[in-house]
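> sequence and predicted model, in that order:
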2 protein chains.
Amino acid sequence: MESASPGTESPVDTRFRLKRNRMLKAAAHCFNLKGYSGTSLKDVADLLGLTDAALYYYVRNKQELVYLCYVRAADVGREAMQRAIGDGENGLETVRRYLRYHIEYMVGSQGPVAIMSEIPSLKPAHRTEVLELSRKHSAAFEALLERGIADGSIASCDVRMTGNAIMGSLNWIPKWFHGDPAVAEKIVDEFPRILSAGLAAR
Amino acid sequence: MESASPGTESPVDTRFRLKRNRMLKAAAHCFNLKGYSGTSLKDVADLLGLTDAALYYYVRNKQELVYLCYVRAADVGREAMQRAIGDGENGLETVRRYLRYHIEYMVGSQGPVAIMSEIPSLKPAHRTEVLELSRKHSAAFEALLERGIADGSIASCDVRMTGNAIMGSLNWIPKWFHGDPAVAEKIVDEFPRILSAGLAAR
DNA sequence: CAATAATTTTAATGAAGATTAAAATAATGC
DNA sequence: GCATTATTTTAATCTTCATTAAAATTATTG
């Protein structure tokens, strides 16, 4: 995460990026908790000890704030996916790792991650981009399932629907998890197993 | 569904109720498609061939519209649950039936059902009520899991987390399903199996 | 420290869209 | 068909924030 080739970045830029990132987390938190329309920029600003107007130093407008939240959410997912794929092993194990990583990120220090409930109200270019990121991630997950089916670790199934089912479950987490560390631990412990329990080949 | 002891209802009231129900479906469709904030009352009204102001004949305000959408969504879930429980059989089969019924309702003629993304912006009394309905439904599902564990059809598991996982997957459906009948058929065919695949006792 | 750049605030402005009231139309019952 | 009730529309109004501009503050750099 936090990409951008280091070394070429000025301290000022670093600070800007970090602050903006804090802001995106605060916004994600508010959006998940109070909904998009129920979240005013003042809510987000309050959480940061700033004034609503100050946010405009970091984003052009509220829509862009949502957009950036979504890009960050997608980044987190992509990061988890890449890390899992790098780990080798068979398809099923890779699926499990991916789930584990993604969930750890979501409920851990990377979180909160925004639920993508407002994609339609993004401006067309942003909407297209976010949908594309989302599509790619789904495709990557389905590819993992295919791989598992091919190597015999996963039972044959409709990968599209199976992917939708598992991803839906994952995507819904921020809807009911709001930061309690005890719950976070339980989710990390249980979800990867629960979500992959039906996949194994007999 | 459509409760209220019949016979005691005037034709006028019936018409009112039916029209309002059509309105709730239209609103649910818009909310799922465009998000809450992205949906103006005019959007909903257009879908019904009405003027935005006409909606106020049926609901007090936009918030109440959302609230009623959520109550309807909860009703649909409850209906599916009751029907499944009535059918007897063991815990696992009852879970499967429930999933089947609920999904059929969601993607079928009862649908669309609104995703509950804006509960926090409901007024306190409504919020409490919707959360309570939601809590009860989760509890009923967890009870089903317990029952399956007790009768040996379901493997021992953390029912809370398992419930969250399965319900999340279900709740997410309206996010990506927007009415295509071919997809609806596939969901009905695949989801109950996929979601219950990991439950069976060895 | 002085000068410049980076942040943040204060104080307006503005616009979208929810809401309302009154009038118009359509339906129903006698 | 007339009177009444139900439904919808037209035409404002009203509110809530998002947004902006200018000023103030804080940080950085030479």
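Now that the structure is in, tell me what you want to look at.
> when you work out contacts or count neighbours from here on, use the C-alpha atoms and nothing else.
OK.
> any idea how far residue A:89 lies from residue A:145?
13 Å (C-alpha to C-alpha, to the nearest Å).
> touching DNA strand C at all, the longest helix anywhere in chain A?
Scanning chain A for the helix with the most residues, using DSSP state H, yields helix A:124-150. No: Helix A:124-150 stays clear of DNA strand C (C-alpha under 7 Å from any atom of the strand), getting no nearer than 15.0 Å.
> please apply the same query to stretch A:62-74.
No: applying C-alpha under 7 Å from any atom of the strand, one finds stretch A:62-74 separated from DNA strand C by no less than 12.6 Å.
> which ones are touching the residue most central in space within chain A?
Nearest residue to the geometric centre of chain A (C-alpha atoms, centre = their mean): residue A:73, 3.2 Å. For residue A:73, the contact set (C-alpha atoms under 8 Å, 6 or more residues apart in numbering or on different chains) comprises A:113, A:114.
> make it 6 Å
Counting by C-alpha atoms under 6 Å, 6 or more residues apart in numbering or on different chains, residue A:73 touches residue A:113.
> make sure it is indeed in a helix.
Yes: checked against DSSP: H, G, I helix; E, B strand; the rest coil, residue A:73 lies within a helix.
> all helices for chain A, in order.
A:11-34, A:41-48, A:62-86, A:91-107, A:124-150, A:159-176, A:181-196.
> now do the shortest one and helix A:62-86, the angle between them.
It stands for helix A:41-48. Comparing the axes of helix A:41-48 and helix A:62-86 via axes from the mean of the first three to the mean of the last three C-alpha atoms, to 10 degrees yields an angle of 50 degrees.
> chain center to helix A:41-48, what's the gap?
Chain-centre distance of helix A:41-48: 22 Å, with C-alpha atoms, centre = their mean, to the nearest Å.
> near DNA strand D at all, that helix?
Yes: applying C-alpha under 7 Å from any atom of the strand, one finds helix A:41-48 in contact with DNA strand D at A:41, A:42.
> swap in the fifth one?
No: counting by C-alpha under 7 Å from any atom of the strand, DNA strand D has no neighbours in helix A:124-150; the shortest distance is 14.2 Å.
> show the average pLDDT along that helix.
Mean pLDDT, computed over helix A:124-150, is 97.
> equivalent analysis for the shortest one, please.
pLDDT averaged over helix A:41-48 equals 95, rounded to a whole number.
> what's the burial count for residue A:10?
10 (other C-alpha atoms under 10 Å in any protein chain shown).
> against DNA strand C, how distant is it?
Noted for residue A:10: a distance of 9 Å to DNA strand C, by C-alpha to the nearest atom of the strand, to the nearest Å.
> sorry, back to before: okay, the helices of chain A, which one's buried deepest?
helix A:91-107 (a mean of 23; mean count of other C-alpha atoms under 10 Å in any protein chain shown).
> would you mind putting the CA coordinates of it into CSV?
This file holds the C-alpha atoms of helix A:91-107, laid out as CSV (Å, rounded to 0.1, in the frame of the first residue of the first chain):
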residue,chain,number,x,y,z
GLY,A,91,-5.9,-22.9,-5.4
LEU,A,92,-7.9,-23.6,-2.2
GLU,A,93,-5.0,-22.6,0.0
THR,A,94,-4.5,-19.4,-2.0
VAL,A,95,-8.2,-18.5,-1.6
ARG,A,96,-7.9,-19.1,2.1
ARG,A,97,-4.9,-16.9,2.3
TYR,A,98,-6.4,-14.2,0.3
LEU,A,99,-9.5,-14.2,2.5
ARG,A,100,-7.3,-14.1,5.6
TYR,A,101,-5.2,-11.2,4.4
HIS,A,102,-8.1,-9.1,3.1
ILE,A,103,-10.0,-9.5,6.2
GLU,A,104,-7.0,-8.8,8.4
TYR,A,105,-6.5,-5.5,6.5
MET,A,106,-10.2,-4.6,6.7
VAL,A,107,-10.6,-5.0,10.4
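> by how many degrees do it and helix A:159-176 diverge?
Going by the same axes, to 10 degrees, helix A:91-107 makes 20 degrees with helix A:159-176.
> burial measure for residue A:54, as a count.
Residues near residue A:54, counting by other C-alpha under 10 Å: 12.
> tell me how far it lies from chain B.
Distance from residue A:54 to chain B, counting by C-alpha to the nearest C-alpha, to the nearest Å: 23 Å.
> let me know the pLDDT of that residue.
In this prediction residue A:54 is given a pLDDT of 96.
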